[in-house]
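Asker: Provide a 3D model corresponding to the input given below.
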Amino acid sequence: MATIEDFRYVINLWKNFEIPTTVRREIDIDINADKIITVAGVRRSGKTSLIFQCITDLLNSGIKKDNIIYVNFENERLIGTKATDLDNLLIAHNMAFAPEQGIIYLFLDEIQIVENWDKWVRKIYDLHKHRIVITGSSSELLSIEIATTLAGRNLSYIVYPFSFREFIKAKGIKEEKEDLKYSAKRGLVLKELDEFLEYGSFPEVTLTKDDGRKMELLSSYFDAIFFRDIVKRYKLRETGDLSVFLRILASNYAVYFSSSKAYNYFSSVGLKVSRKTILNFLEYAKSVFFAAILEQYSKSPKKRFARQQKTYVIDIGLSKLFGDVDKGRALENAVFIELLRHKKIGESIYYLKLKSGKEVDFIVKGKITELLQVSYDVSSSEARKRETSALVEAAKTFGLSDCKVITYDYENEETLDDLKIKFVPFWIWAL
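Answerer: Reported below is the predicted structural model:
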């Protein structure tokens, strides 16, 4: 239970808090929309920094701090908070601040910790006196159940670790890509891309220069996701098997997922884990944004569900904890996360398996259909032929006249069987 005194303590922390200067995220939240704003994403991806960005924009627009409430429910004074306690938050705010007439902006960080939080949020929203932004390290904030509970009252955003564009800006590179293409700084961008593909792009990791410290941070993130976001949330008692599974998942990114292979691996090391449990583990990993799933394309939803999926890790740095990073698969992983980041409403992303057995890494279905192949090195004609043959076959199937191959740094354009194929370096594509 969180009392008025508990919330007074937290509100006074906010009253004396100086908002830090952070790298500006390229996420535009419509803070004045008459909706409950839900912001979800993997732990340490920058959700709180995004909130501070919103608050800074409000302050710069003339909104007084007295009309802004920020609470992080991971504060130790708020452990065990329930929805029935949350009215105490508003009481404590009025005791500490002198809000002006008008809208109160309410920022509730890591709200998923609070039992039945959605019912209280809906009640406050229906009073039409608040603008509400909630964040959490769980896809539960974006789930069908929550959308149903909020009854169309919410706008949802997902925060990923830095995009490559945000990454190089954080590194102090501010030139536009056209300028970078023809300057000596191209080498500097490629150096940063190497780091991006090896250590990932969690904001704090990105801004840390020491490689050892980067690994310490990544290890602490893994532990927090493991213990606080999965074990605690799902009330798991036996954690050893889950730990092994997450290590497998982190190491085997941009590959097919097979519960049977995972089952066989567990058996080979003397662990008895059912396939049902393995599939539950996968759902847990997805729910906290540790991993993302890519389905095979099919017009039939039933067939998509039945066919083999591919798994990707939300940040490649989590993979580096358990072994060397494969640059080719890391590049494919980076492309997929970038596609998710910019996915529009109504768009769907799949991989494509052709009748010939060949495969296209990504097909984006929306208003237009886009084919993307990913290949780290296509400098040889043999490599280009291998990558483009699947694209030619797929383009004929879908009646397309152009497509792309995302590379590390090879740039060119070819025409094969009337199909225009652009070879685009990842850093240019992502910028």
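Asker: Quick one: residues contacting Ser401.
Answerer: Contact analysis of Ser401 by C-beta atoms under 8 Å, 6 or more residues apart in numbering lists 395, 418-420. For glycine as for every other residue, the C-beta is placed from the backbone atoms N, C-alpha and C.
Asker: which of these count as buried?
Answerer: With burial judged by 16 or more other C-beta atoms under 10 Å, the buried subset of these is 395, 419.
Asker: Tabulate the contacts of Ser401 in a markdown table, adding columns for pLDDT, secondary structure and distance to Leu142.
Answerer: Formatted as a markdown table, those follow (pLDDT from 0 to 100; DSSP: H, G, I helix; E, B strand; the rest coil; distance: C-beta to C-beta, whole Å):
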| residue | pLDDT | secondary structure | distance to Leu142 |
| --- | --- | --- | --- |
| Ala395 | 97 | helix | 34 |
| Asp418 | 93 | coil | 41 |
| Leu419 | 96 | strand | 37 |
| Lys420 | 97 | strand | 37 |
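Asker: Any chance of the contacts of Ser401 in JSON lines with distance to Asp34 as columns?
Answerer: Shown next, in JSON lines, are the contacts of Ser401 (distance: C-beta to C-beta, whole Å):
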{"residue": "Ala395", "distance to Asp34": "44"}
{"residue": "Asp418", "distance to Asp34": "50"}
{"residue": "Leu419", "distance to Asp34": "47"}
{"residue": "Lys420", "distance to Asp34": "45"}
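Asker: which one among the contacts of Ser401 gets closest to Leu190?
Answerer: Lys420 (25.9 Å; C-beta to C-beta).
Asker: tally of neighbours for Gly41?
Answerer: Using other C-beta atoms under 10 Å, Gly41 has 24 other residues around it.
Asker: who's in contact with it?
Answerer: So Gly41 contacts 47, 135, 137, 158-160, 289 (C-beta under 8 Å, 6+ apart).
Asker: at 7 Å what do you get?
Answerer: 47, 158-160, 289 (C-beta atoms under 7 Å, 6 or more residues apart in numbering).
Asker: repeat for Ile134
Answerer: 36, 38, 108, 111, 121, 141.
Asker: continuing past the helix or strand of the chain with the lowest mean pLDDT, what's the next helix or strand?
Answerer: Ranked by mean pLDDT, DSSP states H and E, the weakest helix or strand in the chain is helix 144-150, scoring a mean of 65. Counting by DSSP states H and E, the next helix or strand C-terminal to helix 144-150 is strand 154-158.
Asker: buried ones in the helix or strand just after that next one?
Answerer: Using DSSP H and E, the helix or strand that follows strand 154-158 in sequence is helix 164-170. Residues of helix 164-170 classed as buried: 164, 166-168, 170 (neighbour count, 16+ other C-beta under 10 Å).
Asker: Now render the residues you listed as JSON lines, adding pLDDT and distance to Gly80.
Answerer: Shown next, in JSON lines, are the buried residues of helix 164-170 (pLDDT from 0 to 100; distance: C-beta to C-beta, whole Å):
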{"residue": "Phe164", "pLDDT": "97", "distance to Gly80": "41"}
{"residue": "Glu166", "pLDDT": "96", "distance to Gly80": "36"}
{"residue": "Phe167", "pLDDT": "97", "distance to Gly80": "38"}
{"residue": "Ile168", "pLDDT": "95", "distance to Gly80": "43"}
{"residue": "Ala170", "pLDDT": "96", "distance to Gly80": "37"}
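Asker: Sort out which one of these lies nearest Tyr9 for me.
Answerer: Ala170 (33.4 Å).
Asker: got the contact list for that closest one?
Answerer: Contacts of Ala170 by C-beta under 7 Å, 6+ apart are 23, 162, 206-207.
Asker: Can you read off the pLDDT for the residue nearest the centre of the chain?
Answerer: In the chain, the centroid-proximal residue (C-alpha atoms, centre = their mean) is Tyr160; its distance is 3.1 Å. For Tyr160, the pLDDT comes out at 97.
Asker: From Val205, how far out is it?
Answerer: According to C-beta to C-beta, to the nearest Å, Tyr160 and Val205 sit 13 Å apart.
Asker: Not counting residues beside it along the chain, what's closest to the residue nearest to the centre of the chain?
Answerer: Arg341 (5.3 Å; C-beta to C-beta, 6 or more residues apart in numbering).
Asker: ditto for Leu78
Answerer: Nearest one to Leu78, counting by C-beta to C-beta, 6+ apart, is Ala2 at 5.1 Å.
Asker: ok, how many other residues are close to that neighbour?
Answerer: Using other C-beta under 10 Å: Ala2 sits among 24 other residues.
Asker: Got phi/psi on it?
Answerer: Here is the backbone geometry of Ala2 (degrees, to the nearest 10): phi -110, psi 120.
Asker: what sits against it?
Answerer: 78, 81, 85, 88.
Asker: Of these, which is the most crowded?
Answerer: Counting neighbours by other C-beta under 10 Å, Thr81 comes out on top of these with 24 neighbours.
Asker: Tell me if I'm right that that residue and Phe73 touch.
Answerer: Yes. Contact criterion C-beta atoms under 7 Å: Thr81 and Phe73 qualify, at 6.2 Å.
Asker: Quickly list what's touching both of those two.
Answerer: Val114.
Asker: Please identify the buried residues of the one helix or strand Phe7 maps to?
Answerer: Using DSSP H and E, Phe7 sits within helix 4-15. For helix 4-15, burial by neighbour count (16+ other C-beta under 10 Å) applies to 6-11, 14.
Asker: and if you look at stretch 173-192?
Answerer: By 16+ other C-beta under 10 Å, the buried positions in stretch 173-192 come out as 177, 180-181, 185-186, 188-189, 192.
Asker: what's the spacing between that stretch and its chain's center?
Answerer: 26 Å (C-alpha atoms, centre = their mean, to the nearest Å).
Asker: about what we covered before: emit the PyMOL select command for whichever of the contacts of Ala170 are buried.
Answerer: Applying 16+ other C-beta under 10 Å to those, the buried members can be selected in PyMOL as follows:
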select buried, resi 23+162+206
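Asker: Spell out, range by range, the helices that occur in the stretch 201-350 of the chain.
Answerer: 203-206, 211-224, 240-251, 259-268, 275-287, 301-306, 317-320, 327-341 (DSSP state H, counting those that start in this stretch).
Asker: picking up where we left off before, which ones among the contacts of Ile134 lie within strands?
Answerer: 36, 38, 108 (DSSP state E).
Asker: Tell me the one among the contacts of Ala170 nearest to Leu354.
Answerer: Nearest member of these to Leu354, counting by C-beta to C-beta, is Phe162, at 34.2 Å.
Asker: which residue sits closest to the closest one in space, ignoring its chain neighbours?
Answerer: In space, Phe162 is closest to Ser201, 3.9 Å off (C-beta to C-beta, 6+ apart).
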